[in-house]
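Asks: Sharing a model prediction with you, sequence too.
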Amino acid sequence: MTPREAMRAALVDMYRQSWRLFLLNGALSLFVASIAVAGLWVPLLWLLLLGAGPLAAALMHCAVVVTQTEELRFADALTGLRRHWRRGLVLAAIVGAATFLAVHAVTFYAGRGALVLAVVAVYLLFAFAVFQLVLWPLAVVETDRPFRAVAADAGRALLARPMQTLVLAVALVAVNVVGIAAAVVPFLTLTIAYTFLASARFALPPDLTLEEHD
């Protein structure tokens, strides 16, 4: 699918499964927001953000189920959590480490006047975020393959459509920014679930299904 087609299809998916996705999206966002705020007083608690990985993997599993069957049950979220919690932890650890290193690099170089290197660090972080749009759906579907092989598949998929992936990423960033700004708190929005639906629609080939990789 093109970015426009993926986002349009994701909007239809959201309409059909809005209340279930609302609750699942809210559970993930509430968990992240609670830990993030608590960590302002006890920074060590931020390590618990790794727990968002399995929850996000379960939500991505639900997004894939919706895109492939147009149906969703809460049991699918439990199935996704049981099936993908280990891979979710790995993905969360990678995202956390990359974000920490990028933020440290930006502050380090900016504080020493090396603005070009600071901008490069920001660019690399954004490129890493774009890569996640392809990696997460494949990581959920290709459960029988080693993570390294899945990451290689995601890299090839990204290189095959770099501009389209970039366009989708920019559009989804805008959607999330508007969604957070429009809500009293982030978990009242559905933008995370919408992002997962759009990325699943965009990244997964039609012949690649969850059933084939159970």
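Replies: Thanks, I have it.

Asks: Any stretches of this structure with poor pLDDT?
Replies: 180-189, 211-214 (pLDDT under 70).

Asks: after the longest helix anywhere in it, next one along is what?
Replies: Identified as the longest helix of the chain according to DSSP state H is helix 74-111. Toward the C-terminus, helix 74-111 is succeeded by helix 115-141 as the next helix or strand (DSSP states H and E).

Asks: Can you tell me the SS state at P206?
Replies: What DSSP: H, G, I helix; E, B strand; the rest coil gives for P206 is coil.

Asks: So which bits of the strand or helix carrying M60 are buried?
Replies: Here M60 is covered by helix 52-69, with elements defined by DSSP H and E. Residues of helix 52-69 classed as buried by neighbour count (16 or more other Cβ atoms under 10 Å): 52-68. (Glycine included, C-beta is placed from N, CA and C.)

Asks: Show which residues not belonging to stretch 7-16 make contact with it.
Replies: With Cβ atoms under 8 Å, 6 or more residues apart in numbering as the contact definition, stretch 7-16 has outside contacts at 1, 21, 63, 66-67, 70, 168, 171-172, 190, 193-194, 197-198, 201.

Asks: quick one: which of those has the most company?
Replies: A63 (32 neighbours; other Cβ atoms under 10 Å).

Asks: Let me see the contact set for that one.
Replies: Counting by Cβ under 8 Å, 6+ apart, A63 has contacts D13, P137, A193, F196, L197, S199, A200.

Asks: Name the SS class of the closest residue to T191 other than its chain neighbours, please.
Replies: Spatially, and ignoring its direct neighbours in sequence, T191 is nearest to G179 (3.5 Å; Cβ to Cβ, 6 or more residues apart in numbering). Look at G179: counting by three-state DSSP, its state is helix.

Asks: Does G179 touch V173 like I think?
Replies: No: contact status for G179 versus V173: not in contact, 10.7 Å apart, counting by Cβ atoms under 8 Å.

Asks: who's more crowded, those two?
Replies: Per other Cβ under 10 Å, whichever of G179 and V173 has more neighbours is G179, with 17 against 14.

Asks: Would you mind pulling the contact partners of stretch 164-173?
Replies: Outside stretch 164-173, the residues within contact range by Cβ under 8 Å, 6+ apart are 2-3, 6-7, 126, 129-130, 133-134, 158, 194-195, 198-199, 202.

Asks: among the residues you listed, who's most crowded?
Replies: Going by other Cβ under 10 Å, A198 tops the contacts of stretch 164-173 with 29 neighbours.

Asks: For the contacts of stretch 7-16, name the two members farthest from one another.
Replies: Within the contacts of stretch 7-16, E70 and A171 form the most distant pair, 23.0 Å apart (Cβ to Cβ).

Asks: still on that earlier bit, would you pull up how far the helix holding M60 lies from the middle of the chain?
Replies: Remark: helix 52-69 is offset 10 Å from the chain centroid, using Cα atoms, centre = their mean, to the nearest Å.

Asks: Okay, I94 and R86: tell me how far apart.
Replies: To R86, I94 is 13 Å away according to Cβ to Cβ, to the nearest Å.

Asks: In terms of neighbours, single out the busier of the two.
Replies: The neighbour comparison of I94 against R86 (other Cβ under 10 Å) goes to I94, with 16 against 13.
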